[in-house]
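[1] got a predicted structure plus its sequence, pasted below:
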Protein chains: 2
Amino acid sequence: MKKATIISIGNELLNGQIVDTNASWLSENLFSIGIPVVSGYTVGDDINRIKRVLEMSISDAEMVFITGGLGPTEDDLTRDALAKTLNVELQLNEASLNQISEFFKKRALKMPEINAIQAYIPQGAEPIRNALGTAPGIRAESKGKLIFAMPGVPAEMEKMFLDSIFPDVKNITKKSRQLSYAVKKLKCFGAGESAVAELIGDYMKRERNPLINSTVHHGIITLHIIAAAKEKKTAQKLVKDDQNNLRDILKEYVFGTDEQTLAEVVAEKLIAQNKTIATAESCTGGLLAKLLTDIPGASAYFIGGWITYSNKAKAEQLSVPPELIERFGAVSEEVAAEMATQAAKKAKADYAIGITGIAGPNGGTEQKPVGLVYISVSAQNQCDVKRFIFPSDRNSIRIRTANTALNLLRLKL
Amino acid sequence: MKKATIISIGNELLNGQIVDTNASWLSENLFSIGIPVVSGYTVGDDINRIKRVLEMSISDAEMVFITGGLGPTEDDLTRDALAKTLNVELQLNEASLNQISEFFKKRALKMPEINAIQAYIPQGAEPIRNALGTAPGIRAESKGKLIFAMPGVPAEMEKMFLDSIFPDVKNITKKSRQLSYAVKKLKCFGAGESAVAELIGDYMKRERNPLINSTVHHGIITLHIIAAAKEKKTAQKLVKDDQNNLRDILKEYVFGTDEQTLAEVVAEKLIAQNKTIATAESCTGGLLAKLLTDIPGASAYFIGGWITYSNKAKAEQLSVPPELIERFGAVSEEVAAEMATQAAKKAKADYAIGITGIAGPNGGTEQKPVGLVYISVSAQNQCDVKRFIFPSDRNSIRIRTANTALNLLRLKL
C-alpha cells in the first residue's frame, strides 16, 4: 500500500495567522482513493528544517505532498530545499517562464522581475501548471518516491491538485494498490461518546476490519467506518454490514450518514411529509432558525420564527401571558410550552419549537443554573416539553440546545 | 529563547475528517509571548509514531504541546505514548478519578467504566484540570523540557490552556526571553483586502519592524501588527504607533482590535448609549440575531427579532402590506425598509435592521441575481436602505450579509 505524507510550509502557519486547511483537504482526497496519510509536518520558512522533514517524509512514505513556499520572495524556500534534498541544482524552465509572463500579460501588467525565480525548478523535475496564479508546482522523483510541491493558496493548490496531480496519483496507485478502501460515516445524537462506545463494544477494537473511530462535536457523534479489502466491492460490503449492525444496536440515536446534519435530516422529513415549521427562541437567539435555513430551499418548510429575548417580546409578540412569566419565570416548562404553542398557532405551522434557557455566563441561580434549558415541540395541538442541563460555555450551550431541539423534532417526524 | 513544538494527534486529522484549528490557536498564543513554534507534527492513533514525534519534539524545543488522544477509548494513546517516551509506567491519579466521577455525578449520570482510564497519567507527571470535559490534561518534564498534553476538543483545550498552562509558561519564559514581542490585531470592514493594502502601502513591507500581515475572512480584514524589540515596552510602543497611524489612514474601516467582533463593537456602543435594537430577517434566517446574542448580557440591548422567511410571515407578523410585496417583490428596497420600520415600531426599539435577499443557490433571476441583498437600518423614525450583491455560496452570502448589516449599524452609532 502506498502511503503519503504532507508538508505544510510557511511562517504564517506557525504563528497562528492562518489555519492550515490544505492538509486536511489533501488528506481527505488521498484517503478516498486508499492512500493513507501517515504523518503531517508543519515547518516555517527555514531551509534546513524543510530539508529535514523532506528527508523524513521520503523515508516514511511513497508520496510526499508539499504546500507553500513557492512564491517569488526571499522567504519562499521550497524550490531550494527540494533541490538540496535531491542533491541537484535549480534550473530555469523556459515553458514555466513563458506561462508566468503570460499570466501578467493577460492582466495587462508587466511581470515584476522577481517572479522569474518561480520558473526555476530542481534538475530532473517537472513543472506543474498553475491555472490560477504565478507559482508553478513541481513534480520530482527520488529513490522511486514521488514528490509534489504545490502553492499554499488553497484555491490554487486545489485546482492544481485536481487538474494535474490527482489523475497522475490515481493512475500510479491503481496497479500497485493491494487493498481497496470503503468509508462511511454514521452520525448519532442523544447519547454520550462513551455510552455509544459501550453500546457497540467490540466493534471499536483497534485490530478489527472495518476499523471504527468516533469523533464528537457539540453532542454529535460521528462513527467513521473504514474497511479495507482486496476488492473494492468486498470493502463496500464490509462497511454496509457494519452500518446495518450499528444501526440495529444504536437505533434511534443514528440520525444520518456522512456529511448529513440534523437540520438536513429534519428538512428532508418535513419536505417528504409536506409539513411546515415555526420557531420561538429565547436563549439561542436565532441559532435554531439559522440552522433550519442553512439548507437551500428552506422556504418549503420554514415559515418563520420569533426571537423573543426579552419578557416583553415574549408577551407582546408571542402572547405569552405575563402572569405565566411572573409565576413560573421566563425559563420554565410552562413558558416553553406556551412559546411553541403560540408560534405554531400564529404561523399556522404544523410543528413549532420553543426554547427558553440560561446560556450564561451570568444569570444562573442555584435552582436555575447556567445551562438549564427547556425545549418544547408542538405538534398536532399537543406540546411536549423537556428539561436539560447542558455543560460548558455560552457558545456550547447554545449550539447543544439547537442540536437537541432539532433532534427532538426529528424523533417526532 | 525558548522554542515550542506542537503535536496534533488523531486519525481524524490525517484522513481529512477534521481541520486542525488547535495548532493555529496555540501558535498564536505562544507567539504573543515571544515563544516561536518551530515545528508542527500531525500523527494518527499509532503509539510508535506518537512516540517518535515526541522524541523529535523533545530534542527540537524546550516546550512540547500535545492535543488529542486523551479520550477514554482504545484509540486514545497519548497517555501510553507519553509514558513510553518518558520510560515510566502509567499510574492512577486519585484526584483526577474523583474529578471525572464528579463530572458525571453533576449531570446525574453514572460514570461509564471505561472513563476511569482517563485518570491514569505517567509516573512523575501531574494532571491538569479539565473544567469542561472528562479528559484531564498532563504536565510532564523530561530532561529539563516541558510537555503539556491537552484534550483535542477545542473548547476544552482552550480553557485548559488559558486557565492552567499559559500562566505557567509565561512565568517560566519571563526570565530567559531575549527579544520581546508585542502583537496587536486591527480589524477592518468595508474595503477589500487589496484596497486596504494599497492604502497602507509601505507599512506592509516584509523587512519592516513591526511586520504587518493581513488575513481576510467573510469580508473582515485582520491586520496583524507584530513588533520585536529588546524591551517589551519598546515593542509595545512600536505596535501602538503603528496602530495609531493605521487608524488615521484607514479611518472608519477600522472597527476594532484583537478578537473583537462586529457584534461586540455594536453591543458596546448600544450599551454605552443605552439604546435597544430589534431585527427583521429574511434570507439570513436568524443569523444576525444569533450574532447579536452571542454576547453575554445581550438582553441589555437586544429586545427580539422576527424571522419572516415566507411572504405570509412578512405580512402577518411584521405587517408588511401584501400589496408592497406584490408590487416590488419580497426582495426589494421597499420591503426591506418596511421590515426595519415595523420591527422598530413593534418592538419599541431605538434601532432595527431589516434584511431581505436571495441567498441561493436557487431563486435568482437576471434582474435579481443570487447574492442580491437589501439591508435597512431604522433609527429615529428614519430608515436607510442599501443594496448589495455579495459573491460566492449560500453560506458566504449569509455571513457577509449579517456582517455588513452589523457594520452599517456600527457606522450609525
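    Sure, I can see it.

[2] domain ranges for chain A, per the record?
    A:4-176, A:180-257, A:262-412 (automatic domain parsing).

[3] pLDDT wise, what is the residue positioned nearest the centre of chain A at?
    Note on chain A: the residue nearest the mean C-alpha position is A:E259, at 8.3 Å, using CA atoms, centre = their mean. For A:E259, the model assigns a pLDDT of 86.

[4] host element of it?
    Under DSSP states H and E, no helix or strand contains A:E259.

[5] low pLDDT regions in the stretch 101-250 of chain A?
    The stretch 101-250 of chain A contains residues with pLDDT under 70 at A:175-178.

[6] from it, which residue is nearest to chain B?
    A:S194 (4.3 Å; CB to the nearest CB). (Glycine included, C-beta is placed from N, CA and C.)

[7] which other helices and strands contact the host helix or strand of A:V377?
    For A:V377, the host element (DSSP H and E) is strand A:372-379. Applying 3 or more CB pairs under 8 Å, 6 or more residues apart in numbering or on different chains; DSSP states H and E, one finds that strand A:372-379 contacts helix A:333-347, strand A:351-357, strand A:382-389, helix A:394-412.

[8] partner strands of it, with direction?
    Strand A:372-379 pairs in its sheet with strand A:351-357 (antiparallel), strand A:382-389 (antiparallel), by DSSP bridges.

[9] return the most buried member of those strands.
    Mean neighbour counts were compared across the strands paired with strand A:372-379 using mean count of other CB atoms under 10 Å in any protein chain shown; the top stretch is strand A:351-357, at a mean of 29.

[10] next, the angle from it to helix A:333-347.
    Here strand A:351-357 runs at an angle of 140 degrees relative to helix A:333-347 (axes from the mean of the first three to the mean of the last three CA atoms, to 10 degrees).

[11] any idea of the mean pLDDT in strand A:351-357?
    98.

[12] repeat for stretch A:43-60
    92.

[13] quick one: name the residues of the stretch 151-300 of chain A near chain B.
    Within the stretch 151-300 of chain A, the positions near chain B by CB under 8 Å from any CB of the partner chain are A:183, A:185, A:192-195, A:197-198, A:204-206, A:213-217, A:222, A:224, A:226, A:279, A:281, A:284-290, A:292-294, A:296-299.

[14] in stretch A:6-17, what counts as buried?
    A:6-17 (16 or more other CB atoms under 10 Å in any protein chain shown).

[15] quote the end-to-end distance of that stretch.
    20 Å (CA to CA, to the nearest Å).

[16] again with stretch A:286-296
    18 Å.

[17] got it, and stretch A:344-360?
    End-to-end distance for stretch A:344-360, by CA to CA: 28 Å.

[18] now do it: distance to the chain's middle.
    In terms of CA atoms, centre = their mean, to the nearest Å, the centre of stretch A:344-360 is found 29 Å from the chain centre.

[19] so what pLDDT did the nearest residue to A:L324 once chain neighbours are set aside get?
    Setting aside the residues directly before and after it, A:L324 is nearest to A:E334 in space (CB to CB, 6 or more residues apart in numbering or on different chains), at 5.5 Å. For A:E334, the pLDDT comes out at 97.

[20] nearest residue to A:G124 in space, please, no chain neighbours.
    In space, A:G124 is closest to A:V88, 6.1 Å off (CB to CB, 6+ apart).

[21] A helix includes the one you found, no?
    No. Assigned with DSSP: H, G, I helix; E, B strand; the rest coil, A:V88 falls outside any helix and is coil.

[22] state the number of residues packed around it.
    16 (other CB atoms under 10 Å in any protein chain shown).

[23] got the CA positions of the helix or strand that contains A:I271 in CSV?
    Using DSSP H and E, A:I271 sits within helix A:262-273. C-alpha atoms of helix A:262-273 as CSV (Å, rounded to 0.1, in the frame of the first residue of the first chain):
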residue,chain,number,x,y,z
LEU,A,262,-29.5,17.2,12.0
ALA,A,263,-31.1,20.2,10.2
GLU,A,264,-30.9,18.4,6.8
VAL,A,265,-32.5,15.3,8.1
VAL,A,266,-35.3,17.3,9.7
ALA,A,267,-35.7,19.3,6.5
GLU,A,268,-35.9,16.1,4.4
LYS,A,269,-38.6,14.7,6.6
LEU,A,270,-40.6,17.9,6.7
ILE,A,271,-40.5,18.1,2.9
ALA,A,272,-41.4,14.4,2.4
GLN,A,273,-44.4,14.8,4.8
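
[24] show me the contact partners of that helix.
    A:189, A:220, A:255-256, A:276-277, A:291-292, A:294-295, A:297-298, A:300-301, A:351, A:403, A:406-407, A:409-410, A:413 (CB atoms under 8 Å, 6 or more residues apart in numbering or on different chains).

[25] please apply the same query to stretch A:356-375.
    Stretch A:356-375 is contacted from outside by A:282-284, A:329-333, A:335-336, A:339, A:353-355, A:385-394, A:397-398, A:401, A:404-405, A:408, B:296-297, using CB under 8 Å, 6+ apart.

[26] endpoints of that stretch, how far apart?
    Using CA to CA, the two ends of stretch A:356-375 sit 7 Å apart.

[27] any buried residues in it, and which?
    Quick answer for stretch A:356-375 (16+ other CB under 10 Å): A:356-360, A:363, A:368, A:370-375.

[28] narrow the contacts of stretch A:356-375 to those that are buried.
    In those, the ones that pass as buried (16+ other CB under 10 Å) are A:282-284, A:329-332, A:335-336, A:339, A:353-355, A:385, A:388-390, A:392-394, A:397-398, A:401, A:404-405, A:408.
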